[in-house]
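1. Sequence first, predicted model second:
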Amino acid sequence: MKIKEFAQKFGMTPDGIRYYEKKGLLSPTKSENGYRQYNEQHEQVLQFIVVLKQLGFKLDEISLLLHMQEQPISTECNQMTTSFIEQKIDEVTLQMEFYSKAQQILLHVLQLMNENRYSENKEVIERLISTMYSTSCTGSDSL
């Protein structure tokens, strides 16, 4: 399929697909007339990219994993992949903890507002929001 159809299938723009090509994440074949051609393998790669992006992976990390997929299976490759995945699990865990705490704070703020107690607790709410902001900037989990 051509780039326009391929992009539409995944809710993307052709420019987004070209960007992944530029970054070396996708390598379509080209027909005699120069049009890019995408097949099922490209679909699988793009699904992999989209899922990993949703999990917070950076494009260079996705590129590394795609490169590692192409390598022969070996103990060294397995150890590198395992170490990398464990690191990402730790990062996702920290993000989940942050969002869980953020949800608790926002629910508390919502409760105060619904009870028309916002004005008497404005300073508390502002402090909670400030703490969330500081935590998100520093990567700390001390909410």
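-> Cool, got the structure. Numbering: from 1, shown residues only.
2. Please make it C-alpha for all contacts and neighbour counts, starting now.
-> Noted.
3. So for Asn114, what pLDDT did the model give?
-> With respect to pLDDT, Asn114 has a value of 84.
4. To clarify, my last question referred to Glu43.
-> 96.
5. need the contact list for it.
-> Applying Cα atoms under 8 Å, 6 or more residues apart in numbering to Glu43 gives no contacts.
6. What is the host helix or strand of Glu61 packed up against?
-> Glu61 is part of helix 59-70, with elements assigned from DSSP states H and E. Counting contacts by 3 or more Cα pairs under 8 Å, 6 or more residues apart in numbering; DSSP states H and E, the secondary-structure elements packed against helix 59-70 are helix 40-54, helix 75-114.
7. Quick check: which of the ones you listed is nearest to Lys122?
-> Comparison of these against Lys122 by Cα to Cα identifies helix 75-114 as nearest, at 9.3 Å.
8. For the most centrally placed residue in the chain, which three-state class applies?
-> Taking Cα atoms, centre = their mean as the criterion, Gly56 is the residue nearest the geometric centre of the chain, at 2.5 Å. Assigned state for Gly56: coil (three-state reduction, DSSP: H, G, I helix; E, B strand; the rest coil).
9. residues near the nearest residue to it once chain neighbours are set aside, how many?
-> Across the structure, with Cα to Cα, 6 or more residues apart in numbering as the measure, the residue nearest Gly56 apart from its sequence neighbours is Val92 (7.8 Å). A total of 15 residues lie near Val92 under the criterion other Cα atoms under 10 Å.
10. pLDDT score for Val92?
-> Val92 carries a pLDDT value of 87.
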